[in-house]
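# pasting the sequence and the predicted model now:
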Amino acid sequence: MRFLVLSDLHSNLEALQAVLGYARGLRYERVLVLGDVVGYGPDPNAVIEVLRGLPGLAAIRGNHDKVASGIEDGEDFNEAASAAALWTRGVLAPGNLEWLHGLPRGPLEFAPGRYLAHGTPHDEDRYLLDEGEARRSFGALSFDLCFFGHSHFPCAFTLDRERVGLQLARVEPTIFALGAGRRALVNPGSLGQPRDRNPKSSFALYDDALGSVTVYRVAYPLETTGEKIRAAGLPHALAERLRIGV
């Protein structure tokens, strides 16, 4: 089976449309979403409505989803993130707010031994950025493969014979091989707000028959998204960071 893996969409409709348009040629059968559907961007209702219509959807919540839906107050958010989350809460249609509020927390098992997480498998709000945190994550949950998001950096941590390795998605596309006996934590990168200085939208395709995860990058009309951010009265810095990919 082929799974389309999306994370950190952040209400970016133009990026989502570009990714789904590209992904039609990849013949995926199910869609996996790792949280932060909303926050930062200008189109929370449209993004949620698109997601709700995708095949075989399995989705979990992210920290921005929790604040935008009223589960948490976002007291640890910076000013721009807080302003965007509160704006999102105010514009969400009732049905979309209910859907967002009802997203489960990770880790969520989507197939035997395979999970979705937003932060780490043991803490949905914790960033997974280095080998030490990866080792703790491997020890916290028994899994063969776990997809995670939150950091917006496409990469893979592997555990092979007690050795933790890190592979970055430096080329387009990047293929992560999931060998027999090798456990993996894979981040598909951010669809809606890349932060690795590549402004192209990032996502992944997981092929369980081939035992591989491929990270793709797709350009989208980010100027349009930026104009909509400014028109909505959201912090202008949120538009600027899309342009430079940080």
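Okay, I see it. Numbers count the residues shown, from 1 in each chain.

# so what's the residue count around the spatially closest residue to Arg114 that is not a sequence neighbour?
Nearest residue to Arg114 in three dimensions, chain neighbours excluded: Leu145, at 4.7 Å (CB to CB, 6 or more residues apart in numbering). Quick note: C-beta positions are derived from backbone N, CA and C, even for glycine. By other CB atoms under 10 Å, the residues close to Leu145 number 21.

# what does Gly113 give?
11.

# Asp73 too?
Asp73: 12 neighbours (other CB under 10 Å).

# over to Leu100?
24.

# rewinding a little: so what sits opposite the residue nearest to Arg114 in the bridge?
For Leu145, the beta-bridge partners under DSSP bridges are Arg114, Ala184.

# wait, isn't it in contact with Ala177?
No - look at Leu145 against Ala177 with CB atoms under 8 Å: they stay out of range, at 11.9 Å.

# follow-up on the earlier one: just the pLDDT for the residue nearest to Arg114.
Looking at Leu145, its pLDDT stands at 98.

# got the phi/psi numbers for Leu238?
phi -70, psi -30 (degrees, to the nearest 10).

# show me the contacts for it.
Tyr40, Gly41, Ala80, Ala84, Ile229 (CB atoms under 8 Å, 6 or more residues apart in numbering).

# now tabulate the residues you listed in CSV and tack on distance to Gly189, secondary structure and neighbour count.
Shown next, in CSV, are those (distance: CB to CB, whole Å; DSSP: H, G, I helix; E, B strand; the rest coil; neighbours: other CB atoms under 10 Å):
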residue, distance to Gly189, secondary structure, neighbour count
Tyr40, 15, coil, 28
Gly41, 16, coil, 31
Ala80, 21, helix, 16
Ala84, 20, helix, 28
Ile229, 20, helix, 25
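
# appreciated, that's everything.
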